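Colleague: 3D model of this:
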Amino acid sequence: MELKVVTPPAAEPLSTAEAKLHLRVDHTSDDTLISALIVAAREHVENYIVGSLVEQTRAVYLSSWPYFPFRLPCGPVQSIESVKYTDSDGVENTVSTDLYYLSPGGELCIEPFESWPTARLRGPGAIEITYTTPNAAEVVRALDARFGEQILLGMGTLTDPAQAAEAQAAGARYLVSPITDEALGRAMVATGLPVMIGALTPTEVFRAHRLGSDVVKLFPGSAVGPEYA
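Modeller: Residues are numbered from 1 along each chain as shown. Here you go, the predicted model:
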């Protein structure tokens, strides 16, 4: 079995600006290095948990059709994009979506009374299954189920009030938002979880405090530097 990333994440869990603020770096000389380290850290964690922290498209290559439900690696899986195979003549074929489905547990399953194509396969890696992983709530839920109290699990970056309750239900222990939005702030505080609301100007900082933010996140900190605080 071979596994590869087809479409890498559009954004990392942590921005370069956020990392620089934490590191107290106020110049741009090391931006490329810091960005590369963020990617390396995310990939290291994904390899350790055998899962995905942010949305990306992956492909797994098999040499024979699975006879039992096949758990797609590095989940949680959001959707199956396609199932293709290359026959002995070198022709690529796409399997109809009517033949298979994605189980709630992230498994590729054949529909009842259906079967995989019987054409002879070209050889090793002739079957390509492309799928998307994951959405943020599923990541939090999966990490919480696996590690529980071993890790302090938060969820960000929240931008919509509905995400607050979703994050809490998924198992998040604290919530983070980059903006000072009144409806969002109230929804976050209503969960009873520790809350970190983003703000930049003195007015925004005061509003975040009045909304009940336990910690006010200076964002984007790179725009003003550590001395601003």
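Colleague: what does stretch 203-210 rub up against?
Modeller: The list of residues contacting stretch 203-210 from outside it, by C-beta atoms under 8 Å, 6 or more residues apart in numbering, reads Thr180, Glu182, Gly185, Ile197, Gly198, Ala199, Val216, Leu218. Just so you know, the C-beta spots here come from the backbone N, C-alpha and C atoms, and that holds for glycine as well.
Colleague: now, the most widely separated pair of the residues you listed?
Modeller: Glu182 and Leu218 (19.0 Å; C-beta to C-beta).
Colleague: those two - which one has more neighbours?
Modeller: Set Glu182 next to Leu218 and count neighbours by other C-beta atoms under 10 Å: Leu218 wins out with 18 against 12.
Colleague: and the more buried one, how far from Glu128?
Modeller: As for Leu218, its distance to Glu128 is 46 Å (criterion: C-beta to C-beta, to the nearest Å).
Colleague: so who does Glu114 touch?
Modeller: Going by C-beta under 8 Å, 6+ apart, Glu114 touches Asp98, Leu99, Tyr100.
Colleague: measure the first one to Glu227 for me?
Modeller: Using C-beta to C-beta, we find Asp98 at a distance of 62 Å from Glu227.
Colleague: and for the protein, the residue most distant from the center?
Modeller: No residue in the chain sits farther from the centre than Asp89, which is 38.2 Å out by C-alpha atoms, centre = their mean.
Colleague: look up how far Ala126 lies from it.
Modeller: Distance of Asp89 to Ala126, computed by C-beta to C-beta: 12 Å.
Colleague: those helices in this structure, which residues are they?
Modeller: Counting by DSSP state H, the chain has helices at residues 16-23, 31-49, 136-147, 161-170, 182-190, 202-211.
Colleague: what packs against the fourth one?
Modeller: When contacts are defined as 3 or more C-beta pairs under 8 Å, 6 or more residues apart in numbering; DSSP states H and E, helix 161-170 packs onto helix 136-147, strand 154-155, strand 174-177, helix 182-190.
Colleague: quick one: contacts for the residue nearest to the spatial centre of the chain?
Modeller: Central residue of the chain (C-alpha atoms, centre = their mean): Val54, 2.1 Å from the mean position. Val54 makes contact with Pro9, Ala11, Glu12, Pro13, Arg42, Ala136, Val139, according to C-beta under 8 Å, 6+ apart.
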